[in-house]
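In: Got a sequence here, can you build the structure:
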Amino acid sequence: MSIKYAIKNALRCFTLVLVALSLSTPALAAEDGKKPKRKTYVMSKNVGKKVQKAFEAYQEDRIPDAISMLEEIEAKQPFDVAFVNRLLGNMYAGQKGQAKKAIGKLEKAVELDVLNKVEQEQAIKLLADLNLQEANYQKALNGYKEWMAFAGREDPEVYLRISQSYYQLKQLDKIIEPADRAIALYKKPKESPYLMKISSYYERKMYREASEVASTLVKLFPTDKRWWVQLGQFYLLDENFERALSSYELAYKQGFLEKANQYTALAQLYAAYGIPVKAAQVQNKYLKAGVIEKDEKSLASLANYYHQGRDFKDAANTYSEVAKMTQDPDYYKKVGDLLLMTEDYKGAISAFKKSLELGTKQSDSITMSLVEANFYSGNYKSAYKYAKEAKKIKKYRQSASGWMSYIEDTAKRKKVSI
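Out: Residues are numbered from 1 along each chain as shown. Next up is the predicted model:
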């Protein structure tokens with residue numbers, strides 16, 4: 001129940017007060033004929049008249065005047081004190097910045113425990129709501145529990161606020177039970193208690209349990225894109241990559257992915273599960289669209305997906321773009337290796353030489369690759385030169401010797417001087 005609604009309910013009691021002024025003795029009110037009877041008190045005539053005037057001011061929308069009139073009442077009887085304080089509490093609650101005053105008044109009203117059942121219930125509930133609003137979480141929690149004990153019934157909204165109070169108190173394990181009760185009591189599913197459960201599990205690093213709750217949200221609210229993405233994220237955190245891929249893929253097909261990191265995650269999952277072609281398609285599409293930023297990391301990932309998918313030409317072209325962007329010799333080596341595989345020997349030689357020029361730490365490997373690239377491009381003299389250099393490297397000594405013999409034979413057969 002909202003504070004405004006609580007205020008309206010409280011002020012309806014003015015009408016009852018006017019009727020009660022004609023009574024002079026307390027009565028006993030039966031509550032459904034089952035629960036213990038609670039005394040019904042009436043207001044003294046003197047206080048009642050002043051309350052009536054305050055009510056008239058309220059009806060004329062002179063709320064400050066109504067509050068001032070109520071504040072001036074010097075009530076002495078417990079019921080008069082409780083009733084006036086409850087009205088003041090409700091009125092202060094509706095005024096900006098007056099929550100603390102409202103709490104003080106309602107605390108006095110509730111503590112006396114002489115209001116009729118409905119009024120007492122509403123006062124306890126509003127007091128708990130105000131304490132929650134003002135970050136008095138333990139008091140709010142106690143108030144909601146007191147309300148349920150007094151009212152003798154359950155309310156899903158109250159259970160939800162109990163969960164919220166536990167969350168704010170960092171008693172994360174206690175969130176689950178009231179959240180589950182709220183879920184059970186709501187006539188139509190609501191997201192809020194499920195979110196409380198997810199918060200509890202997530203902050204305790206219980207990702208499997210969080211993914212189970214998110215899976216339920218997907219079933220209950222299948223058109224809400226948030227839960228599909230969040231489900232995939234929880235599966236990732238739980239390292240359940242197969243289900244993560246399934247969730248992200250279904251979200252993608254429904255048009256629920258929107259952010260760069262979501263498309264990147266989908267591409268990574270495709271690659272991890274041996275579907276590099278789809279990984280490259282997703283990565284390339286959203287790089288071109290400008291959704292994924294074109295930087296070293298994103299381009300290198302795309303190149304890697306092409307490479308995994310054996311699209312060596314596109315992989316080489318993409319690594320070349322990264323190499324020019326970063327001037328990193330290792331990227332130029334990757335370009336050379338890939339161009340060698342596509343039999344673009346001249347392109348490979350150029351990339352390998354650029355890598356050496358930039359001071360690569362993989363010069364030994366590149367020297368050996370230059371033997372092959374130069375040989376197949378018909379440049380036997382350069383191939384032989386690099387083979388001689390490679391022969392000095394212990395790791396490649398035997399291989400380089402074999403190449404030298406092969407180059408000599410080929411050059412002799414083709415009558416080429418080396």
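In: Count the neighbours of the residue nearest to Glu321 when sequence neighbours are not counted for me.
Out: In this structure, Glu321 finds its nearest non-sequential neighbour in Leu299, 5.8 Å apart by C-beta to C-beta, 6 or more residues apart in numbering. To be clear about C-beta, it is placed using only N, CA and C from the backbone, and glycine gets the same treatment. Using other C-beta atoms under 10 Å, Leu299 is surrounded by 24 other residues.
In: any idea which element Leu299 lies in?
Out: Per DSSP states H and E: Leu299 is located in helix 296-308.
In: so what does that helix touch, helix or strand wise?
Out: helix 260-272, helix 276-288, helix 312-326, helix 329-341 (3 or more C-beta pairs under 8 Å, 6 or more residues apart in numbering; DSSP states H and E).
In: who's in contact with that helix?
Out: 264, 267-268, 270-271, 276-277, 279-280, 283-284, 287, 292, 312, 314-315, 318-319, 321-322, 325-326, 331, 334, 338 (C-beta atoms under 8 Å, 6 or more residues apart in numbering).
In: cutoff 7 Å now
Out: 267, 271, 276, 279-280, 283-284, 287, 292, 314-315, 318-319, 321-322, 325-326, 338 (C-beta atoms under 7 Å, 6 or more residues apart in numbering).
In: Likewise for stretch 313-332?
Out: Contact with stretch 313-332 is made by 296, 299-300, 302-303, 306-307, 334-335, 338-339, 342, 351, 354-355, 358-360, as judged by C-beta under 7 Å, 6+ apart.
In: Just the buried residues of those.
Out: 299-300, 302-303, 306-307, 334-335, 338-339, 351, 354-355, 358, 360 (16 or more other C-beta atoms under 10 Å).
In: Reformat the helices and strands packed on helix 296-308 as JSON lines; add mean pLDDT and distance to Asn142.
Out: JSON lines is the format used below for these (pLDDT from 0 to 100; distance: least, C-beta to C-beta, whole Å):
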{"stretch": "helix 260-272", "mean pLDDT": "97", "distance to Asn142": "42"}
{"stretch": "helix 276-288", "mean pLDDT": "98", "distance to Asn142": "51"}
{"stretch": "helix 312-326", "mean pLDDT": "98", "distance to Asn142": "60"}
{"stretch": "helix 329-341", "mean pLDDT": "98", "distance to Asn142": "63"}
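In: Report the inter-axis angle for the helix holding Leu299 versus helix 276-288.
Out: For helix 296-308 against helix 276-288, the angle by axes from the mean of the first three to the mean of the last three C-alpha atoms, to 10 degrees is 150 degrees.
In: tell me the angle helix 296-308 makes with helix 312-326.
Out: 160 degrees.
In: would you put the C-alpha positions of helix 296-308 in PDB?
Out: Extracted C-alpha coordinates of helix 296-308, given in PDB (Å, rounded to 0.1, in the frame of the first residue of the first chain):
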ATOM      1  CA  GLU A 296      43.200  -4.200 -31.900                       C
ATOM      2  CA  LYS A 297      41.300  -6.600 -29.800                       C
ATOM      3  CA  SER A 298      38.200  -6.800 -31.900                       C
ATOM      4  CA  LEU A 299      40.000  -7.000 -35.200                       C
ATOM      5  CA  ALA A 300      42.500  -9.700 -33.900                       C
ATOM      6  CA  SER A 301      39.500 -11.700 -32.700                       C
ATOM      7  CA  LEU A 302      37.900 -11.500 -36.200                       C
ATOM      8  CA  ALA A 303      41.200 -12.500 -37.800                       C
ATOM      9  CA  ASN A 304      41.400 -15.500 -35.400                       C
ATOM     10  CA  TYR A 305      37.900 -16.600 -36.300                       C
ATOM     11  CA  TYR A 306      38.700 -16.400 -40.000                       C
ATOM     12  CA  HIS A 307      41.900 -18.400 -39.300                       C
ATOM     13  CA  GLN A 308      39.900 -21.100 -37.400                       C
END
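In: now that helix against helix 329-341, angle please.
Out: Using the same axes, to 10 degrees, the inter-axis angle of helix 296-308 relative to helix 329-341 is 20 degrees.
In: Show me how far stretch 53-72 is from its chain's centre.
Out: Centroid separation between stretch 53-72 and its chain, computed with C-alpha atoms, centre = their mean, to the nearest Å, is 46 Å.
In: Over to stretch 308-315?
Out: Taking C-alpha atoms, centre = their mean, one finds the center of stretch 308-315 at 36 Å from the center of the full chain.
In: what does stretch 406-418 give?
Out: 67 Å.
In: Mind listing residues that contact that stretch?
Out: Contacts for stretch 406-418 (C-beta under 7 Å, 6+ apart): 375, 380-381, 383-384, 387.
In: Out of these, who's the most crowded?
Out: Among these, the one with the most neighbours (other C-beta under 10 Å) is Ala387, at 29 neighbours.
In: What are the contacting residues of stretch 135-146?
Out: Taking C-beta under 7 Å, 6+ apart as the rule, stretch 135-146 contacts 124, 127-128, 131-132, 158, 161-162, 165-166, 168-169.
In: And it, what's buried?
Out: Neighbour counts over stretch 135-146 (16+ other C-beta under 10 Å) mark 136-137, 139-141, 143-145 as buried.
In: Helices - which of those residues land there?
Out: Within the buried residues of stretch 135-146, residues falling in helices by DSSP state H are 137, 139-141, 143-145.
In: Which single one of those is nearest to Pro193?
Out: The closest of those to Pro193 turns out to be Tyr144 (C-beta to C-beta; 14.3 Å).
In: mind checking pLDDT for the closest one?
Out: The model reports Tyr144 with a pLDDT of 98.
In: And it, how far from Leu160?
Out: Note on Tyr144: its distance to Leu160, by C-beta to C-beta, to the nearest Å, is 10 Å.
In: Which one of the ones in helices among the buried residues of stretch 135-146 is nearest to Leu70?
Out: Nearest to Leu70 among these, counting by C-beta to C-beta, is Gly143 at 22.9 Å.
In: need the contact list for the nearest residue to the closest one once chain neighbours are set aside.
Out: Counting by C-beta to C-beta, 6+ apart, Gly143 lies nearest to Ala128, which is 2.9 Å off, once chain neighbours are set aside. Residues in contact with Ala128 (C-beta under 7 Å, 6+ apart) are 140, 143-144, 147.
In: No further questions, thank you.
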